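# When you get a sec, could you give me coordinates for this:
(one chain, ligands or ions: 1)
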Amino acid sequence: MTRLAGINAIITGAASGIGKSTAERFVEQGAKIVVVDRDRAKLERVAAELNVEHIVGDLAQRGSPAAVVEEAVARLGGLDTLVNAAGILVSQPFETIDEDLWEQVFAVNMFGVASMCRAALPALRASSKASIINIASVNALRPSEGTSAYSASKAGVLMLSRSLAEELAPIRVNAVCPGIVDTGMTEGFMSDPEIRTSIAAMNALNTIGKPEDIAGVCAFLASDDARFINGAQITVDGGMTYS
Ligand SMILES: NC(=O)c1ccc[n+]([C@@H]2O[C@H](COP(=O)([O-])OP(=O)(O)OC[C@H]3O[C@@H](n4cnc5c(N)ncnc54)[C@H](O)[C@@H]3O)[C@@H](O)[C@H]2O)c1
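So this is what the prediction gives:
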């Protein structure tokens, strides 16, 4: 399928998990992409597998998103879609999360996303089919134990997405809220079979998400099929948050 033919895209967090799977799906569907991550070794492997350009960058560092976007747009020759998938999870009791850790979580999950959106604006404004897809989380909707900083950062991404949908139109801005998905972020606790079973039981489908489940939604949101979708929050969680 070539539904993303003619789309130039930047995908962050593409060395692993959801970002990597989204990069694969975009390439399959005919997009031209640049993949971005701070993990050089893994990113180089993904870029080689997919035969796409890559840029190594820590998006939590001030100035890095602007430099990454400038370089990516130069290599792509324009920009239609920005997928912000880079993120970190901190899961520990509130009272043990000090100021440095709050700053780290927000620097990546919230300010990194905002800075990428801002840096991409001039290039997106020049596109007739521009869209931004921000990967938030079900934690933006419903907290879970030990995720105060993470959940607050993801709620920020969700509201940022809605705000930008209003302010930046006709650039479409949407948020995807994944439930629990098998990726590098979750492999620590998901390797325990009992935890896996109880996590699957948290949704009506009794299923754990795969990165591909999120990648397909991102490809749809970038396509013309989603031309009337703006400011949406698409929850992909097997039904975990329906009640
Ligand atoms: N896996 C889940 O269950 C789940 C659920 C809801 C939301 N999410 C969100 O999905 C997104 C992708 O996560 P994932 O599950 O694929 O995790 P992952 O750990 O497999 O991938 C995240 C990638 O982001 C990169 N990254 C982290 N900080 C960065 C930085 N400062 N600069 C550049 N790159 C950076 C990492 O190197 C990694 O390659 C994240 O925003 C995460 O919060 C994941």
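# show me where the protein has helices.
17-28, 40-50, 64-76, 99-106, 113-125, 148-167, 187-190, 193-200, 211-222 (DSSP state H).
# Does the ligand have contacts with the fourth one?
No. With Cβ under 6 Å from any ligand atom as the threshold, helix 99-106 lies outside contact range of the ligand, at a closest distance of 8.7 Å. No exception for glycine: its C-beta is placed from N, CA and C like everyone else's.
# Equivalent analysis for the fifth one, please.
No. Taking Cβ under 6 Å from any ligand atom as the criterion, helix 113-125 and the ligand are apart, separated by no less than 8.4 Å.
# ok, now which ones touch Thr2?
Applying Cβ atoms under 8 Å, 6 or more residues apart in numbering to Thr2 gives the contacts Gln29, Gly30.
# for it, phi and psi?
phi -120, psi 40 (degrees, to the nearest 10).
# Skipping its backbone neighbours, what lies nearest Leu124 in space?
Ala130 (4.0 Å; Cβ to Cβ, 6 or more residues apart in numbering).
# you'd agree the one you found is up against Ile171?
Yes. Taking contacts as Cβ atoms under 8 Å, Ala130 lies within contact range of Ile171: 4.3 Å.
# which regions of this structure sit below the pLDDT cut-off?
243 (pLDDT under 70).
# Now Ile195. Nearest residue, chain neighbours left out?
Among residues not flanking Ile195 along the chain, Phe189 sits closest, at 5.3 Å (Cβ to Cβ, 6+ apart).
# Kindly provide the distance from the one you found to the ligand.
According to Cβ to the nearest ligand atom, to the nearest Å, Phe189 and the ligand sit 10 Å apart.
# Contact residues of the chain facing the ligand?
Residues of the chain lying close to the ligand by Cβ under 6 Å from any ligand atom are 13, 15-19, 37-39, 58-60, 85-89, 108, 112, 135, 137, 178, 180-181, 183-186.
# Separate out the buried members of those.
Buried members of these, scored by 16 or more other Cβ atoms under 10 Å, are 13, 15-19, 37-39, 59-60, 85-89, 108, 112, 135, 137, 178, 180-181, 183-186.
# can you tell me which of those are in strands?
When these are checked against strands (DSSP state E), the matches are Asp37, Ile135, Pro178.
# contacting residues around Glu212?
Contact analysis of Glu212 by Cβ under 8 Å, 6+ apart lists Ser21, Arg25.
# mind checking how far it is from the ligand?
12 Å.
# Next one: that residue from Gly17, what distance?
Remark: distance between Glu212 and Gly17 (Cβ to Cβ, to the nearest Å) = 11 Å.
# With Ala201 instead?
22 Å.
# From what I see, Ala155 and Pro143 are in contact.
No. With contacts counted by Cβ under 8 Å, Ala155 stays clear of Pro143, the gap being 9.0 Å.
# Any chance of the backbone angles for the residue nearest to the spatial centre of the chain?
For the chain, the residue nearest the mean C-alpha position is Ala85 (2.1 Å; Cα atoms, centre = their mean). Torsion angles at Ala85 (phi, psi; degrees, to the nearest 10) stand at phi -110, psi -10.
# ok, now which ones touch it?
Counting by Cβ under 8 Å, 6+ apart, Ala85 touches Ile11, Thr12, Gly13, Ala14, Gly17, Ile18, Gly19, Thr22, Ile135.
# possible to save those as TSV with distance to Asp224?
Formatted as TSV, the contacts of Ala85 follow (distance: Cβ to Cβ, whole Å):
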residue	distance to Asp224
Ile11	19
Thr12	23
Gly13	25
Ala14	23
Gly17	27
Ile18	23
Gly19	23
Thr22	18
Ile135	21
